[in-house]
Structures are given as structure tokens and as C-alpha cells.
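Trainee: sequence below, structure please.
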Amino acid sequence: MSEPIEILRGVVHPWYCDNFGHMNVRWYSHFFDDAAFHLWPLYWGSHKKMQDEFGVHTVTASATVQFLQELLAGDLIMVDSSLTRIGRKSCTFTERMLHVDTKEVHATYDTVEVFFDPQTRKATEIPAPIRQALENACQVAPQDH
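Mentor: Alright, predicted model coming up:
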């Protein structure tokens, strides 16, 4: 597993809160999804670069959220991410939503990102230069998945 990399900061606005007074579940996904767009430029390059150089991009095949503690209007949040698995055609990231002041984890978001060929509309192997960059940058041992 790689060291966490900060990928987003935000604030819980009052209009993100539901009738129970805490941030509604839809907004957790919003923050996590926005944060995920910052992953590839940090590890290797943008989706445009992937498409231009290898004819591939990634798609989210699976996303699992765990809600651990509620967030309230005015709370400042930070999202970080770790690469937790590299497979043959996919990799898995774990994002955490932390309270900026307390550093407590309020939610986690595990996503499986599959490398995708838009021409064939099918999963494809991770291009070797991207795999190497992921392994080097994150110091994660590859797995045969």
C-alpha cells in the first residue's frame, strides 16, 4: 500500500446537509469522485495523455463507501488516497475523508479502476509504462489479478 497523497480539500456547506443536520450521503460521493480525477496526474498523467499515448483510459468498475462519522455544516475536509492493489487490468485506490482540524477519518471510498479500450469497449491490460510508474511511485508489489 502506498503512502496517502492529499488530493482534495473542501468545506461542508449547509446546503449539503439533510434534515438530520449532517452531510447527506450524496455529497460524500461527490467529493470522492471529484478527488479521484486528481489521481492520475499525480501518479502518471491525465486521461488525455493515456488516450493519446496508449488509446486507453480508466473507468470505475466498483466503488464502496463506508460512512464512519457524520460531518456537519462548516466542517473542513481533506481527501487523501492510497494505491492499494495493482492487477493485470485494474488497480484499486482507497480514499479517506478526514476532518481537517481533528484528522479523524469520517468516510472511506474504495474504487477499482479498470483500464478500458474505448474502441473495443472492453477492459485491457495496464500499459507497461503506466504500470511501472505506479509501481515505482507507490512502492506497491504487483499482484496477479
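
Trainee: quick check: phi and psi at the residue at minimal distance from the centre of the chain.
Mentor: Nearest residue to the geometric centre of the chain (Cα atoms, centre = their mean): Ala36, 3.8 Å. Here is the backbone geometry of Ala36 (degrees, to the nearest 10): phi -60, psi -30.

Trainee: quick one: it and Asp110 touch, right?
Mentor: No. Ala36 is not in contact with Asp110 according to Cβ atoms under 8 Å; the separation is 11.4 Å. Yep, even glycine has a C-beta here, placed from its N, CA and C like the rest.

Trainee: pull up the overlap in contacts between those two.
Mentor: 93, 95 (Cβ atoms under 8 Å, 6 or more residues apart in numbering).

Trainee: any idea how far Trp44 is from Asp110?
Mentor: Counting by Cβ to Cβ, to the nearest Å, the gap from Trp44 to Asp110 is 20 Å.

Trainee: contact partners for the residue nearest to the centre of the chain?
Mentor: 7, 60, 81, 93, 95, 111.

Trainee: beta partners for the fifth one?
Mentor: With DSSP bridges as the criterion, Glu95 is bridged to Ser81, Tyr109.
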